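> Return a 3D structure for these sequence lines:
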Amino acid sequence: MMKQIGMGLLAGVAGTAALTAVVQLEKRALPWGQKHNALFPHKVVKKAENFFGIQGRLSGNAETAAIQGSNFAYGTLMGALYGWSAPKLNVSPWVSGPLFGLALWAIGLSGWVPGIGAERPPWKKAPMQAAMPILSHLAFGLAAAAVLQSYEKKQGFFKKRRLLSV
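Predicted coordinates for the structure are as follows:
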């Protein structure tokens, strides 16, 4: 089980790096007036600052570090959850990874992020703004799947016979 969680942590780092890269590309594709709306992690950090009573205490560099750090911490922890749960599923990582990425999008950007008031839910956004996080979360899932798939090939990570073997 510890190997699965460890591989999941690596998968989470890879997934978060892929998600971050796609977000950077997405920001370039958005019209100028919509760019700030794509930066919901900034809003989450601001909400956390307010919650902990430290609003305005982080400098620009410290705030950027907090945003990036929280992104990678969240993504890495979610990767650990994926690494732990993926072997229990009877499907290929190439199926479970993207589905896990979509589940993270649904729980986060359609659930708790709007729930804390850090972002509008997707159905209240322009179609392009709503679709872009789905793409970045698919990238997370594909990168995480690539890590688990490569480990599976090396170590026989998944010992079950799968229904969907891609």
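> And the helices in the protein, which stretches?
For the chain, the helices defined by DSSP state H occupy 2-29, 40-52, 60-85, 93-107, 113-115, 127-155.
> quick one: which of the ones you listed is nearest Pro121?
Ranking those by their distance to Pro121 (criterion: C-beta to C-beta) puts helix 113-115 first, at 4.3 Å. For the C-beta atoms, the positions are set from N, CA and C on the backbone; glycine is no exception.
> Pass me the low-pLDDT residue ranges in the chain, would you?
32-39, 156-166 (pLDDT under 70).
> and Trp105, how many neighbours?
Other residues near Trp105 number 22, with proximity taken as other C-beta atoms under 10 Å.
> mind checking how far it is from Met2?
Distance, Trp105 to Met2, by C-beta to C-beta, to the nearest Å: 28 Å.
> buried stuff in stretch 20-30?
When neighbours are counted by 16 or more other C-beta atoms under 10 Å, the buried residues of stretch 20-30 are found to be 20, 22-23, 26, 30.
> Report the two of those separated the most.
In terms of C-beta to C-beta, these reach their longest pairwise distance at Thr20 and Leu30, which sit 15.8 Å apart.
> For Tyr74, which non-adjacent residue is spatially closest?
Ranked by C-beta to C-beta, 6 or more residues apart in numbering and with sequence neighbours excluded, the top spatial neighbour of Tyr74 is Thr16, at 7.8 Å.
> residues in contact with stretch 1-14?
Counting contacts by C-beta atoms under 8 Å, 6 or more residues apart in numbering, the residues outside stretch 1-14 that touch it are 72, 75-84, 86-87, 97, 143-148, 151, 155, 157.
> Pull out the buried residues from it.
Residues 4, 7-14 are the ones in stretch 1-14 that count as buried (16+ other C-beta under 10 Å).
> send the alpha carbons of stretch 3-23 over as PDB?
As requested, the backbone C-alpha atoms of stretch 3-23 are provided in PDB (Å, rounded to 0.1, in the frame of the first residue of the first chain):
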ATOM      1  CA  LYS A   3       4.300   1.900  -2.700                       C
ATOM      2  CA  GLN A   4       0.900   2.700  -4.200                       C
ATOM      3  CA  ILE A   5       0.700   5.900  -2.200                       C
ATOM      4  CA  GLY A   6       4.300   6.800  -3.000                       C
ATOM      5  CA  MET A   7       3.700   6.300  -6.700                       C
ATOM      6  CA  GLY A   8       0.500   8.300  -6.300                       C
ATOM      7  CA  LEU A   9       2.500  11.200  -4.800                       C
ATOM      8  CA  LEU A  10       4.800  11.100  -7.900                       C
ATOM      9  CA  ALA A  11       1.700  10.900 -10.100                       C
ATOM     10  CA  GLY A  12       0.300  13.900  -8.300                       C
ATOM     11  CA  VAL A  13       3.400  16.000  -8.900                       C
ATOM     12  CA  ALA A  14       3.500  15.000 -12.500                       C
ATOM     13  CA  GLY A  15      -0.200  15.700 -12.800                       C
ATOM     14  CA  THR A  16       0.100  19.100 -11.200                       C
ATOM     15  CA  ALA A  17       3.000  20.000 -13.400                       C
ATOM     16  CA  ALA A  18       0.900  19.100 -16.500                       C
ATOM     17  CA  LEU A  19      -2.100  21.000 -15.200                       C
ATOM     18  CA  THR A  20       0.000  24.000 -14.500                       C
ATOM     19  CA  ALA A  21       1.500  24.000 -18.000                       C
ATOM     20  CA  VAL A  22      -2.000  23.700 -19.600                       C
ATOM     21  CA  VAL A  23      -3.300  26.600 -17.400                       C
END
